[in-house]
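Novice: this is a predicted model, with the sequence first.
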Amino acid sequence: MTPFDALSTPVYRRLREGLDRIGAAMRADQWGLAEDSGLSPTQAHVLAFVAGRGAKGMRVRSIAEHLGVAQPTATESIAALVRKGLLTKASDPDDARAASIQITGAGQEIVRGIGLAMTSTERALETLSSKEQTMLLHLVIKTIRALQIAGAIPPQRVCISCRYFRANVHDDAELPHHCAYVDAPFGGRHLRLDCNEHGEADQGALDQAWKAFSGIAYDLPMSA
Ligand code: SF4
């Protein structure tokens, strides 16, 4: 025991405070990148999200849900992007009452430019060792899953919820997982947060993958 046990706030609370500060830097980055492209941050998010869905048209509701914004906000941003010629809006072939939103070639160009720009947050993360980056990626994925289970964020296209993901099936410590889609082994550093080839796993496979994934231990550099 040390007096610090009584004096300290819970670790998760200080983590939230730290993440708030990192989030502020990321928002400033996003403002800068979006502004350089003549977009608002929400427009940049909408554009990147639709671009990530490939040729598949997206519905306004689904865009709003994934980005965690109100539907009128998403509608307004989409309308502005359509006016700029970065998105197109057509009737959804599956539902005449709904609109299908797709990205144009000019929209793809903007997203490529934003995606390639190095942000101050990325530069800071780059200062971590590759092992630390992999550990952090693992912990971020665990936190995203907890948020998803709590209903705070919609399902994400991450490897651990993918039907092609096989956790810890190889003896190679560097490449313990397997992606059945490309039929190749891969490691923790390759785990994806938003994969175009993602296919939702059924509950049984998901529980099994999660059990294997969450059992992965990392050597922490100091005592917990
Ligand atoms: S298809 Fe994509 S999300 Fe699924 S396991 Fe392979 S890399 Fe991960």
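Specialist: Arrived safely, thanks for sending.
Novice: name the SS class of the most centrally placed residue in the chain, please.
Specialist: Centrality entry for the chain: nearest residue to the mean C-alpha point is L193, 4.6 Å, by C-alpha atoms, centre = their mean. Following DSSP: H, G, I helix; E, B strand; the rest coil, L193 is assigned to coil.
Novice: how about the helix or strand containing A209: buried residues?
Specialist: Per DSSP states H and E, A209 falls inside helix 203-214. By 16 or more other C-beta atoms under 10 Å, the buried positions in helix 203-214 come out as 205-206, 209-210, 212-213. Every residue, glycine included, has its C-beta placed from N, CA and C.
Novice: just the pLDDT for the residue lying closest to G38 once chain neighbours are set aside.
Specialist: Once flanking residues are discounted, G38 sits nearest to K84: 7.6 Å by C-beta to C-beta, 6 or more residues apart in numbering. Note for K84: predicted pLDDT of 95.
Novice: check the one 4 residues further on too.
Specialist: pLDDT, the model's per-residue confidence, is 94 for T88.
Novice: and it, that's in a strand?
Specialist: Yes. According to three-state DSSP, T88 belongs to a strand.
Novice: what's around it, how many residues?
Specialist: Residues near T88, counting by other C-beta atoms under 10 Å, number 16.
Novice: and the helix holding A209 with the ligand, contact?
Specialist: No. Helix 203-214 lies apart from the ligand when judged by C-beta under 6 Å from any ligand atom; the minimum separation is 9.3 Å.
Novice: can you check stretch 135-142 too?
Specialist: No. Interface with the ligand: stretch 135-142 contributes nothing (C-beta under 6 Å from any ligand atom), its closest point being 11.2 Å away.
Novice: who's in contact with that stretch?
Specialist: With C-beta atoms under 8 Å, 6 or more residues apart in numbering as the test, stretch 135-142 has contacts from 125, 128, 158, 160, 188-189, 191, 193, 213-214, 216, 218.
Novice: buried residues, the longest helix along the chain. List them.
Specialist: Criterion DSSP state H: the longest helix present in the chain is helix 11-36. Buried residues in helix 11-36, defined by neighbour count with 16+ other C-beta under 10 Å: 29-30, 33-34.
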